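[1] I'll drop the sequence and a predicted model, then ask my questions.
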Amino acid sequence: MAPRLPHFGRRRALRAGAAAAVLLGLLSWWLVSRPEPPAATGRIAIATGVRTGVYARYGALLKEDLARDLPALHVGLRPSKGSLDNLRQLASGEADFTIATADSVADYLNRGLPGARQLRACARLYDDYIQLVVRQDSPVRSVRDLKGLRVGVGAQGSGVQPISRRLLTAAGLDFDRDISPVQVGIDRSPGLLESGKIDAFFWSGGLPTGAIQTLGARLPIRLVQLDDLIGPLHRLGRQTRFYRAATMPADAYRELGAARTVKSIAVPNLLVTMEHTDPVLTELVTRTVIQSRDRIGAQVHAAQLVDLRTAVFTDPLPLHAGARRYYVSVKP
């Protein structure tokens, strides 16, 4: 015999319908009246870099995207000498967000400079490539060949200068005795090379760097291979663990007419803020940084490497709480 199905009377059906109507009404009210996510308002400053560097170009494009995503937030850009100066501006309150290379951040932490313990990361961005630029007819084929020459080593307060020092040490050269160091950045180095006032200059930046493109269109130059120094560089200590062997494609600088790749050394960039920065603001800024990769990358090719899967690897800094909240929200 088939089991008897339960019989719902008219009264029970009316009760069920009434309950469903109440639940539907409550759901509709919640959907309509639930608070919108808080909007970012006020003013922030982003410390970038020298006018002709990749940091400055990236910062300008990020400002445009933040204006689109967070229209109530006013974003100002601050120039700087580079990574270490950026971190100083952040710690002093002159800037709210900045970009810095991982090795510069580690150096800042190890030296216990002001605000070091409060530094937090929002994202790992793109890699900088260390570049040694010389004239096309220069006899320099490695860093070791710089002995006795006038070399642009990066401005004081930049991330380039510590890298220059380490590369020279790895090559067996003394920064103060074996070369004539000229402490200038990418804003002045190309002009000095062109006028013959220096023989070479170091630069650490994303590919391509506009100042090197412009110089290559005016003057026959080339990039020196650096791959022979990655082993000696790593033997200098833990501070150098952020450097990795990397290859610059031949078409990174079409202006140079290079027919072969250049073996170089790369170091990651981090988007950095302070621990006390508002978590909601940090979450929203981080979201724009990740979602703007393709648009910014169309103009700053290095930014094409910003990736949600690698953005959380921000050694030597922990993630800011707001940035972590963003990554959790988009985790599949």
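    All right, it came through fine. Residues are numbered from 1 along each chain as shown.
[2] what distance do you get for His74 to Arg51?
    As judged by CB to CB, to the nearest Å, His74 and Arg51 stand 21 Å apart. In this view, the C-beta of every residue, glycine as well, is placed from N, C-alpha and C.
[3] what does Val75 give?
    18 Å.
[4] kindly report the same for Val151.
    Applying CB to CB, the value for Val151 to Arg51 is 22 Å.
[5] try Arg295
    According to CB to CB, Arg295 and Arg51 sit 22 Å apart.
[6] and the helices in this structure?
    For the chain, the helices defined by DSSP state H cover 10-33, 54-69, 83-92, 102-110, 160-170, 189-194, 210-218, 230-234, 279-291, 293-297, 321-329.
[7] ok, of the ones you listed, where does mean pLDDT dip lowest?
    Within those, the stretch with the lowest mean pLDDT is helix 10-33, showing a mean of 46.
[8] dump stretch 136-148 to PDB, restricted to CA.
    This file holds the C-alpha atoms of stretch 136-148, laid out as PDB (Å, rounded to 0.1, in the frame of the first residue of the first chain):
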ATOM      1  CA  GLN A 136      77.400  52.200 -27.600                       C
ATOM      2  CA  ASP A 137      81.200  52.400 -28.200                       C
ATOM      3  CA  SER A 138      82.100  52.200 -24.500                       C
ATOM      4  CA  PRO A 139      84.700  49.500 -23.500                       C
ATOM      5  CA  VAL A 140      82.600  48.600 -20.500                       C
ATOM      6  CA  ARG A 141      81.200  45.000 -20.800                       C
ATOM      7  CA  SER A 142      80.700  44.300 -17.100                       C
ATOM      8  CA  VAL A 143      80.500  46.200 -13.800                       C
ATOM      9  CA  ARG A 144      84.100  45.300 -13.200                       C
ATOM     10  CA  ASP A 145      85.100  47.500 -16.100                       C
ATOM     11  CA  LEU A 146      83.800  50.600 -14.300                       C
ATOM     12  CA  LYS A 147      87.100  50.900 -12.400                       C
ATOM     13  CA  GLY A 148      88.500  54.400 -12.700                       C
END
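[9] residues in contact with that stretch?
    For stretch 136-148, the external contacting residues (CB atoms under 8 Å, 6 or more residues apart in numbering) are 132, 134, 149, 167-168, 170-173, 178-179, 199-200, 220-222, 224-226, 228-229.
[10] ok, now which ones touch Arg244?
    Per CB under 8 Å, 6+ apart, neighbours of Arg244: 230, 265-267.
[11] kindly recompute the last result at 7 Å.
    Each residue near Arg244 by CB atoms under 7 Å, 6 or more residues apart in numbering is listed here: 265-266.
[12] and the closest residue to Val54 other than its chain neighbours, what are its phi and psi?
    The shortest distance from Val54 to any non-neighbouring residue, by CB to CB, 6 or more residues apart in numbering, is to Gly206 (3.9 Å). Here is the backbone geometry of Gly206 (degrees, to the nearest 10): phi -70, psi 160.
[13] in stretch 242-262, which residues are buried?
    242-243, 246, 248, 252-253, 255-256, 258, 262 (16 or more other CB atoms under 10 Å).
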